[in-house]
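Undergrad: got a predicted structure here, sequence first:
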Amino acid sequence: MKENENIYGMFVRFTNIINSLQSLNKCYTNIEMVRKLLRCLPKSWMPKVTAIEEAKDLNTLPLDELLGSLMTHEMTIKNHEDDEEQDKKKKKEIAFKSSTADSSEEDSDDEMAFITRRFKKYLAKKKFGSKNFKKTLPSKSETKKEEIICFE
C-alpha cells in the first residue's frame with residue numbers, strides 16, 4: 001500500500017495485479033490473496049490486522065468481507081481525525097502583536113476594539129450580564145425566617 005493511498009485504491013491495484021497474473025496462468029487461492037492483502041498493509045494498520053487474524057478464520061474469510069472490514073476501519077480513522085481537527089479549530093486563541101516604536105495609534109486602536117468585542121461576546125456567552133453579575137446573597141436571618149417548602 002502506498003503512502004496516502006486509501007484501501008479502495010490499494011484493492012483496485014491488487015485486483016489488477018492478480019488479474020494480470022491469472023492471464024499468465026498464475027492463480028492464487030482466496031486464502032493466499034487474503035494473506036497477501038493483510039501483509040501489504042502499513043505498520044499503522046497492524047493492530048487491525050492482528051484483530052482480524054484473531055477474530056476471523058482466514059481460511060474461510062472472503063476477500064470482499066476483508067475489504068469491507070478494512071474500509072470500515074479506514075472511515076473510523078478519518079472520522080477521528082476530523083473530530084480532532086474540529087476540536088483544534090474551536091480552541092482559537094488571540095495573540096497580541098508585538099509593538100515597535102514605529103507602529104501607529106490606529107493599529108493599536110483597531111486591535112483594542114477587536115479584543116473588546118471578543119471579550120463582550122465571551123461575557124455574553126457566559127451570561128455575565130449586569131443582572132447575574134451583581135447578585136447578592138440573602139443574609140442568614142432572612143433565610144431562617146423563610147420556611148423551606150419541598151414540592152416533590
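TA: Right, received. Where do you want to start?

Undergrad: so Q22 versus L38, what's the distance?
TA: 20 Å (Cβ to Cβ, to the nearest Å). Placement of C-beta: from N, CA and C, glycine included.

Undergrad: and these two? which has more neighbours close in?
TA: Taking other Cβ atoms under 10 Å, Q22 and L38 do not tie; L38 has more neighbours (19 against 11).

Undergrad: what's the helix or strand for the more buried one?
TA: Per DSSP states H and E, L38 falls inside helix 30-39.

Undergrad: what does N4 give?
TA: Secondary structure assignment for N4, by DSSP H and E: no helix or strand.

Undergrad: which residues touch it?
TA: If you count contacts by Cβ atoms under 8 Å, 6 or more residues apart in numbering, N4 has none.

Undergrad: which pLDDT value belongs to it?
TA: N4 is assigned a pLDDT of 84 by the prediction.

Undergrad: could you pull up phi and psi at it?
TA: The phi and psi torsions at N4 (degrees, to the nearest 10) take the values phi 60, psi 30.

Undergrad: circling back: please name every helix or strand in contact with the helix holding L38.
TA: helix 7-23, helix 46-55, helix 63-90 (3 or more Cβ pairs under 8 Å, 6 or more residues apart in numbering; DSSP states H and E).

Undergrad: quick one: buried residues of the last one?
TA: I take that to be helix 63-90. By neighbour count on 16 or more other Cβ atoms under 10 Å, the buried set for helix 63-90 is L63, L66, L67, S69, L70, H73.
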